[in-house]
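1. A predicted structure for the sequence below; I have some questions about it.
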Amino acid sequence: MRQPQPSPRPYLIAAAVGLLFGGADQYLGSRDVTLGLWASSVSGMSAPWLALPFLCGLAQTAPRRAALAGLTVTLAALTGYFALTLSPLEGVALASVPGGLLSLAHSNLDWVVGGLVGGPLFGLLGQRWRTRRSWPAATAVAAAFVLEPLARLGSGRLTPVTAVWLLEAALGCVMSAYVVAAARASRQRSSARGV
């Protein structure tokens with residue numbers, strides 16, 4: 001008996017969300033003059049780029065599908081970011097897009113490679129949290145939010161809008177508290193069932 005083919009819908013949704021996320025991130029980063037420095041600070045955050053594949057993986061029950069969803073959303077986000085960077089909205093002439101794309105891809109090679117590794121990994125971590133309530137999986141995302149401001153401060157790359165970074169760290173602390181509470185509740189339910 002033939003097994004039904006899995007629906008491509010989760011990947012299409014992940015691709016659409018990724019394109020919107022990447023475009024929005026690039027838009028914020030280029031609008032610090034009109035929106036203020038907070039916009040470029042938010043755009044410069046790495047932790048949301050890890051949370052995105054985690055959330056897509058959270059929607060999956062199978063590890064392979066979670067990793068693929070994480071990769072899909074990350075590649076789509078990079079595509080959205082690059083597309084808006086090289087668009088007429090940013091003053092780029094269409095004729096210069098091919099050369100600009102090579103240059104942009106080369107200058108962002110670390111981010112592209114990081115996305116190829118981090119997207120599937122954080123997608124898988126999302127699936128682990130969903131199916132096993134694996135606290136280390138969810139803690140990895142929370143830690144990214146808590147530790148990013150400290151890492152930026154240590155490397156001299158913390159922008160002067162400290163409220164943005166404090167908010168990011170606070171969000172990471174709230175996420176950490178939720179992970180601990182949810183993991184504890186899951187353990188209590190398992191022990192009550194005698195598992």
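-> Here it is on my side, so go on. Everything quoted here is computed from the prediction, not taken from an experiment. Numbers count the residues shown, from 1 in each chain.

2. Which phi and psi values does the residue nearest the centre of the chain adopt?
-> Computing the C-alpha centroid of the chain and ranking residues by Cα atoms, centre = their mean puts Trp49 first, at 2.4 Å. For Trp49, the backbone dihedrals (degrees, to the nearest 10) come out as phi -70, psi -20.

3. Assign the nearest residue to it once chain neighbours are set aside to helix, strand or coil.
-> With Cβ to Cβ, 6 or more residues apart in numbering as the criterion, Trp49 has its nearest non-adjacent residue at 6.8 Å, and that residue is Ala77. All C-beta spots, glycine's among them, are computed from the backbone N, C-alpha and C. State at Ala77, reduced to three classes by DSSP: H, G, I helix; E, B strand; the rest coil: helix.

4. Please apply the same query to Gln5.
-> Criterion first, three-state DSSP; result for Gln5: coil.

5. just checking, what's the longest helix in the protein?
-> Counting residues, the longest helix found in the chain (DSSP state H) is helix 162-192.

6. what helices or strands is it leaning on?
-> helix 37-43, helix 135-155 (3 or more Cβ pairs under 8 Å, 6 or more residues apart in numbering; DSSP states H and E).

7. so where is the protein shaky, pLDDT-wise?
-> Where the chain drops to pLDDT under 70, the residues are 1-4, 33, 195.

8. switch to 90 and redo it
-> Segments of the chain classed as low confidence (criterion: pLDDT under 90) are 1-8, 29-44, 88-102, 105, 153, 156-163, 183-195.

9. wait, Leu19 sits on Gly80?
-> Yes: counting by Cβ atoms under 8 Å, Leu19 touches Gly80, with 3.9 Å between them.

10. quick one, which of the two is more surrounded?
-> For Leu19 and Gly80, the more surrounded residue by other Cβ atoms under 10 Å is Gly80, and the numbers stand at 23 against 20.

11. before we move on, back to that, with mean neighbour count and distance to Tyr11 as added columns, please give the helices and strands packed on helix 162-192 in JSON lines.
-> Converted to JSON lines, these look like this (neighbours: other Cβ atoms under 10 Å; distance: least, Cβ to Cβ, whole Å):
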{"stretch": "helix 37-43", "mean neighbour count": "18", "distance to Tyr11": "26"}
{"stretch": "helix 135-155", "mean neighbour count": "18", "distance to Tyr11": "21"}
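
12. Would you format those helices as a markdown table with distance to Leu84 included?
-> Output for the helices and strands packed on helix 162-192, formatted as a markdown table (distance: least, Cβ to Cβ, whole Å):
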| stretch | distance to Leu84 |
| --- | --- |
| helix 37-43 | 11 |
| helix 135-155 | 23 |
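
13. Tell me which of those lies nearest to Arg189.
-> helix 135-155 (14.4 Å; Cβ to Cβ).
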